[in-house]
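Trainee: here is a sequence together with a model predicted from it:
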4 protein chains.
Amino acid sequence: MVNDKKKPSDKHRRIIEAALKVFAKNGFYNSKVSEIARAAGVADGTIYLYFQNKDDILISLFEEEMQGVLDQVNLAVGQETDPAKKLERFALAHLSLVEQNQEMAEIIQVEVRQSSKFMRGYANIKFQEYLNIISGIIKEGQALGVFRADIKPGVAKRAFFGALDEMSRYWVLSTARKYSITAAAQEISRFFLEGIQERKP
Amino acid sequence: MVNDKKKPSDKHRRIIEAALKVFAKNGFYNSKVSEIARAAGVADGTIYLYFQNKDDILISLFEEEMQGVLDQVNLAVGQETDPAKKLERFALAHLSLVEQNQEMAEIIQVEVRQSSKFMRGYANIKFQEYLNIISGIIKEGQALGVFRADIKPGVAKRAFFGALDEMSRYWVLSTARKYSITAAAQEISRFFLEGIQERKP
Amino acid sequence: MVNDKKKPSDKHRRIIEAALKVFAKNGFYNSKVSEIARAAGVADGTIYLYFQNKDDILISLFEEEMQGVLDQVNLAVGQETDPAKKLERFALAHLSLVEQNQEMAEIIQVEVRQSSKFMRGYANIKFQEYLNIISGIIKEGQALGVFRADIKPGVAKRAFFGALDEMSRYWVLSTARKYSITAAAQEISRFFLEGIQERKP
Amino acid sequence: MVNDKKKPSDKHRRIIEAALKVFAKNGFYNSKVSEIARAAGVADGTIYLYFQNKDDILISLFEEEMQGVLDQVNLAVGQETDPAKKLERFALAHLSLVEQNQEMAEIIQVEVRQSSKFMRGYANIKFQEYLNIISGIIKEGQALGVFRADIKPGVAKRAFFGALDEMSRYWVLSTARKYSITAAAQEISRFFLEGIQERKP
DNA sequence: CATGAATGAGCTTTCATTCAT
DNA sequence: AATGAATGAAAGCTCATTCAT
């Protein structure tokens, strides 16, 4: 009864979700607005009551989904106190989200990257925020003396994210899944935390 | 008299180079064939004497440039014998090539990734070969006992490449260059080889 | 108020009629879709809401007009019982239709003949039906014993149609009309029915 | 030895013959000049040393081949004195030529008819001459009193030619040949000469 | 709010023709 | 005479966007 009537832009949601599927399947430039409309069960013109243009669908889609990703990853990371554990949690959360929402993962990896270059005035703040979760953890670790002080967080965040992302790409594109998410997250975190060299005992 | 013979397919080269610039500037889908033709100093129709269609320009561009990359990186890596040094060389060569040919780097990162998904029957063998240089080095290191035996080369190659690639993206997109290539290559290799954790003495 | 409902696909009709004029004037291959659009008073793109492509315009045009022709000729022929009279009626109806709709006649004679050879999978059933009106009459006459039993209807239908058609071509192409439709229909029917030889008394 | 060196425009001939095949296969508008060149074993540009343009190839092809047809048919007809026999000879010669050179027959029926409408200032005199062989025979027959005096030769020539031509079309397009040439020529001539009506004895 | 028919700018690609060699 | 690489105008078709209903 409290929230009985709240369907704020049901159409908006349906369009976003339709666009998610369509963009993931065909790519942004090969997707037609009319196909999104059909998938969403609305008329072509209706799209333009909720979005300014085709670009805007992609950007809105990204922004909205990315906010959810940020929230979930922050939540997961917040459950640990040890920076090393936090990084492992980050990896696990990231790969889990990729697994749960492959379509979104494909779009972020391919379309947004591609499009953010060509869409006027789109700064992609959300992605910066996401990377800064990593650099935040690293700085924390450095402050605690558990991570090397000479590490540059701005470089390390990219290296760590890049490793995860390239792994995800392989994940998303290949049909056969060889490893468990948990195992993969641990493995990549370990590369990053301990390196691959054999320790001389 | 020494060099009497005409350069074979001078036009082919000019079109590839024009496409490189145009695709890097506008992205594949926002580039017009006529713009490539203009940039190459040929007529629109001439493009189609050398390439089957617009897609083919991108694929040819990638294949040809990528071969050069493979050759140069293999050469660089071959100058070392220590696997750890080889990885560092790989990183250095990769980042140097990105630096020297930013347009190509952008196209590989954005367009080819994007397009290879949607261009029917394009397997992107060259990229596989590139990644396998890394896994080759890792296997070598494992055989010599200098890299941990439990490392999965198929995962590690992606992690290492991903780290470099994400770094390159930042490089290419940001105008200000903060670090030297050499320093960055060493730093990323070190993450990978030694990890970021402080060693307890 | 009686006729409140909008004419369904008014545009379809207008495009067909515009195409009729344009194809007759320039021939199929020399006609531009944009010219048809202009003649129909619609935008270029509108054509493609009603027809799949340029070929489809020609085929649709033919099918629709030909159905009208079939109906009218069948009606005319049905008004006679004597097979000889029926053939004369056929000739008269055919030539009348040619006269009334010269543009359509030209298109059928030239474009459809030409195109049906090159348009994949176009069987031209309607034309078969048209010829079979003639062979039907002939068989009827043979059954009644008024036409020679050794006549092959499959050959005779082509001979009769060919005679009418060649006459029509002359008609359509020449500006000056020398004979009346009725006289011409009678004359050609008579060749066919009685031959041209002088009877020895 | 007498005529040992006479190869006047060997290329000209080769191009005509290549065009014959190519036009028959694809139709005039779907044929490429380069395909004719390839079929003739000459370079694209060479075509333009012998013909003004693509239209000119078709017209020349028609004119040259048609002259041969005229000569042969005139020869055949000239071997008879009886006008009725002459018409039968005409039919036989016509159908034989169609049979012997189906490619040419297709081109005359479809392409030349189509094109002569749209090629500026092409009067198609040769075709007139061909039809006039028939009207000549009819006038001769009328003068001798063996054909009815009220027959209009201008109409009859078209009716006779049309009957043969429609038959030929069927011939050329259908794969299965049901009747012998001789039988068909006789049959069609008989329609024309005697009609199809049963004679009351 | 919602519709979807209509628009028309803009793209890729083709191919007859030319001309330097 | 012969070549064939190069040209560039031209055309079919698509699809994001609009707007009358």
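Mentor: Noted; the coordinates are in hand.
Trainee: could you pull out the helices for chain A?
Mentor: Ranges of helices in chain A, per DSSP state H, are A:10-26, A:33-40, A:44-50, A:54-78, A:83-100, A:102-106, A:113-118, A:125-144, A:153-173, A:181-194.
Trainee: please name the residues that touch residue A:83.
Mentor: A:137, A:138, A:140, A:141, A:144, A:146, A:147 (CB atoms under 8 Å, 6 or more residues apart in numbering or on different chains). The way it works is simple: take the backbone N, C-alpha and C, and place the C-beta from them, glycine included.
Trainee: with adjacent residues omitted, what lies nearest to it?
Mentor: Closest residue in space to residue A:83, ignoring its immediate chain neighbours: residue A:141 at 3.3 Å, by CB to CB, 6 or more residues apart in numbering or on different chains.
Trainee: counting neighbours, what do you get for the one you found?
Mentor: The tally of other residues near residue A:141 (other CB atoms under 10 Å in any protein chain shown) stands at 25.
Trainee: and for the residue nearest to residue A:41 when sequence neighbours are not counted, the neighbour number?
Mentor: Excluding its sequence neighbours, the residue lying closest to residue A:41 (CB to CB, 6+ apart) is residue A:14, at 6.5 Å. Neighbours of residue A:14 under the rule other CB under 10 Å: 17.
Trainee: separation between residue A:157 and DNA strand E?
Mentor: 37 Å (CB to the nearest atom of the strand, to the nearest Å).
Trainee: so that residue sits against residue A:128, correct?
Mentor: No. Residue A:157 is beyond contact range of residue A:128, at 10.1 Å (criterion: CB atoms under 8 Å).
Trainee: the two: which is more packed in?
Mentor: residue A:157 (22 against 9).
Trainee: ok, now which ones touch the more buried one?
Mentor: Counting by CB under 8 Å, 6+ apart, residue A:157 has contacts A:131, A:132, A:134, A:135, A:138.
Trainee: among those residues, which are in reach of chain B?
Mentor: The overlap between those and the neighbours of chain B (CB under 8 Å from any CB of the partner chain) comes to residue A:138.
Trainee: including pLDDT and neighbour count, could the contacts of residue A:157 go into a markdown table?
Mentor: Shown next, in a markdown table, are these (pLDDT from 0 to 100; neighbours: other CB atoms under 10 Å in any protein chain shown):
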| residue | pLDDT | neighbour count |
| --- | --- | --- |
| A:131 | 92 | 17 |
| A:132 | 95 | 14 |
| A:134 | 95 | 25 |
| A:135 | 95 | 19 |
| A:138 | 93 | 23 |
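Trainee: which of the contacts of residue A:157 sits closest to residue B:40?
Mentor: Comparing these against residue B:40 with CB to CB places residue A:131 closest, at 38.2 Å.
Trainee: the closest one is in contact with residue A:160, isn't it?
Mentor: No. In this structure residue A:131 lies outside contact range of residue A:160 using CB under 8 Å: 9.0 Å.
Trainee: nearest to DNA strand E: which residue in chain A?
Mentor: Among the residues of chain A, residue A:45 lies closest to DNA strand E, at 1.7 Å counting by CB to the nearest atom of the strand.
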